[in-house]
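J.: let's see this in three dimensions:
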Amino acid sequence: MEGSPIDIVIFAPLAPILGVILFWFIQLLFIESQKFLLQKIRPKHEPLCRFTNFLGILFQSICHALGYTVTKSGVSEFYLSVSYGKVAPKKEKKGIFEWIANAFLFIGPFFIPALLLLILYLLGTGYFEIITPANIEATKYTFGGQITAFGANLHNFSQNFFTFLYRIDLLHPGHFGFLLLMIFLGMGIRPSHIGEQKLDKVDMIYDLRNIWSLITHKPLYVIVLFLFFYNIFYISIIFNLVGVDQNWYIAIFSIFGWISLIAIVSLIITHFILILIRFTDEIPGKLRYLPYLTLPVSYVLMRLIFFYFPTDFMYGVSLLVMIICTVIVTYILLSRKSNKFKTERDIKSLNKKGKAEKDARTEPVEK
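T.: The predicted model follows:
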């Protein structure tokens with residue numbers, strides 16, 4: 001086992017932790033971008049925005065209730081509305097139990113809902129593989145080895161997950177339901193506000209402030225949590241020295257990375273949906289519904305074609321054709337609106353110019 005003792009003992013366990021924090025921070029950025037898009041479409045789609053806020057509060061309340069359940073505090077009250085959620089414990093517990101329940105409230109929504117999707121994906125595909133790249137075998141318990149192993153596991157999972165999404169069958173109830181769950185997760189991973197009068201705006205600063213308060217309120221618990229993960233890392237080293245290759249430490253943080261990746265992909269999918277809504281709002285009249293009609297029609301037509309001429313890539317091609325057709329139809333309708341606006345503007349300009357010339361001809365000449 002190569003590498004300096006300081007690297008192995010102190011810095012190496014930090015590598016996958018920093019990797020998970022990085023992906024969680026990317027989640028926060030995508031959430032902020034999504035809230036910006038929701039704010040843009042809110043004037044015409046207030047019910048949709050309220051629904052996304054309800055989903056966010058639902059996930060948040062479920063995570064809080066799960067925190068009380070894990071700490072054996074119990075749940076005596078569970079109240080949920082479009083703009084507010086409240087979970088009260090049966091037994092008021094302080095210390096570590098209160099801290100864990102708050103951790104579920106502030107951090108849980110970023111991971112727990114996506115964990116459900118990960119479980120469904122693993123059960124449906126049978127995929128579960130933790131790999132250690134052969135080229136880092138000699139230094140796998142150093143900082144570089146740990147971050148490489150974490151990245152390799154994330155890369156391997158992302159390849160399989162994107163292949164699954166590319167080959168997803170929208171006519172299959174299970175696949176279609178999984179896609180809907182991904183959309184619900186992306187739409188409601190965090191609420192936009194809490195309170196009927198929007199007293200608390202839930203943004204990136206709000207989340208970071210709560211998490212920082214959780215850390216600084218009981219820093220000893222954070223230190224204990226880090227020591228717990230460090231011990232798992234050291235146990236993995238001991239198993240490796242006696243000839244049993246059980247890198248549980250990388251396995252734990254790889255799963256956290258998978259969860260974060262699923263949440264990010266869900267947010268990206270909802271970004272495309274919100275962008276489509278924003279563009280179609282610019283289309284006048286009932287033609288704005290044509291892009292939405294293009295989605296199922298183009299997909300079903302492609303599946304009918306592949307029913308008579310089956311190929312291995314029919315699911316992916318059907319998805320790509322559906323997306324491309326929708327983009328083309330939306331672009332044509334927006335161009336038509338733009339050209340119509342230019343034509344009307346030119347006509348008004350010519351009318352004004354003609355009127356000005358007529359007034360100039362009829363204006364009396366001064367002697």
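J.: and the helices in the stretch 201-350 of the chain?
T.: Taking DSSP state H, counting those that start in this stretch as the criterion, the stretch 201-350 of the chain contains helices spanning 204-217, 219-241, 248-280, 290-308, 314-362.
J.: show me how far the first one is from its chain's centre.
T.: Relative to the mean C-alpha coordinate of its chain, helix 204-217 is positioned 20 Å out (Cα atoms, centre = their mean, to the nearest Å).
J.: please save the CA atoms from it in CSV.
T.: This file holds the C-alpha atoms of helix 204-217, laid out as CSV (Å, rounded to 0.1, in the frame of the first residue of the first chain):
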residue,chain,number,x,y,z
MET,A,204,-30.0,28.5,-1.9
ILE,A,205,-29.0,31.0,0.9
TYR,A,206,-31.9,29.8,3.0
ASP,A,207,-30.8,26.2,2.7
LEU,A,208,-27.1,27.0,3.4
ARG,A,209,-28.0,29.1,6.4
ASN,A,210,-30.1,26.3,7.9
ILE,A,211,-27.3,23.7,7.3
TRP,A,212,-24.7,26.0,8.7
SER,A,213,-26.9,26.6,11.8
LEU,A,214,-27.2,22.8,12.1
ILE,A,215,-23.4,22.4,12.0
THR,A,216,-22.6,25.2,14.4
HIS,A,217,-25.4,24.4,16.9
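J.: list the buried ones in it?
T.: 207, 211, 214 (16 or more other Cβ atoms under 10 Å). Using the backbone N, CA and C atoms, a C-beta is placed for each residue, glycine as well.
J.: that one - what's its average pLDDT?
T.: Helix 204-217 shows a mean pLDDT of 89 in the predicted model.
J.: packing partners for it?
T.: Helix 204-217 is packed against helix 14-41, helix 96-106, with contacts defined by 3 or more Cβ pairs under 8 Å, 6 or more residues apart in numbering; DSSP states H and E.
J.: so of the ones you listed, which one's packed in deepest?
T.: helix 96-106 (a mean of 19; mean count of other Cβ atoms under 10 Å).
J.: what's the next secondary structure element after it?
T.: helix 108-125 (DSSP states H and E).
J.: before we move on, the earlier item: to residue 71, which of the helices of the stretch 201-350 of the chain lies closest?
T.: Across the helices of the stretch 201-350 of the chain, residue 71 has its closest neighbour in helix 219-241 (12.8 Å, Cβ to Cβ).
J.: which residues touch the closest one?
T.: Residues outside helix 219-241 that contact it (Cβ atoms under 8 Å, 6 or more residues apart in numbering): 1, 8, 12-13, 17, 96, 99, 141, 215, 245-250, 252.
J.: could I get that helix in PDB with only the CA atoms?
T.: Extracted C-alpha coordinates of helix 219-241, given in PDB (Å, rounded to 0.1, in the frame of the first residue of the first chain):
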ATOM      1  CA  PRO A 219     -20.300  20.900  16.200                       C
ATOM      2  CA  LEU A 220     -19.500  17.900  18.400                       C
ATOM      3  CA  TYR A 221     -22.100  15.800  16.600                       C
ATOM      4  CA  VAL A 222     -20.500  16.700  13.300                       C
ATOM      5  CA  ILE A 223     -17.100  15.700  14.600                       C
ATOM      6  CA  VAL A 224     -18.600  12.400  15.800                       C
ATOM      7  CA  LEU A 225     -20.100  11.800  12.400                       C
ATOM      8  CA  PHE A 226     -16.800  12.400  10.700                       C
ATOM      9  CA  LEU A 227     -15.100  10.000  13.100                       C
ATOM     10  CA  PHE A 228     -17.700   7.400  12.300                       C
ATOM     11  CA  PHE A 229     -16.900   7.600   8.600                       C
ATOM     12  CA  TYR A 230     -13.200   7.600   9.300                       C
ATOM     13  CA  ASN A 231     -13.600   4.400  11.300                       C
ATOM     14  CA  ILE A 232     -15.400   2.700   8.300                       C
ATOM     15  CA  PHE A 233     -12.500   3.800   6.200                       C
ATOM     16  CA  TYR A 234      -9.900   2.300   8.600                       C
ATOM     17  CA  ILE A 235     -11.900  -1.000   8.800                       C
ATOM     18  CA  SER A 236     -11.800  -1.200   5.000                       C
ATOM     19  CA  ILE A 237      -8.000  -0.900   5.200                       C
ATOM     20  CA  ILE A 238      -7.800  -3.700   7.900                       C
ATOM     21  CA  PHE A 239      -9.900  -6.000   5.800                       C
ATOM     22  CA  ASN A 240      -7.700  -5.300   2.800                       C
ATOM     23  CA  LEU A 241      -4.500  -6.100   4.800                       C
END
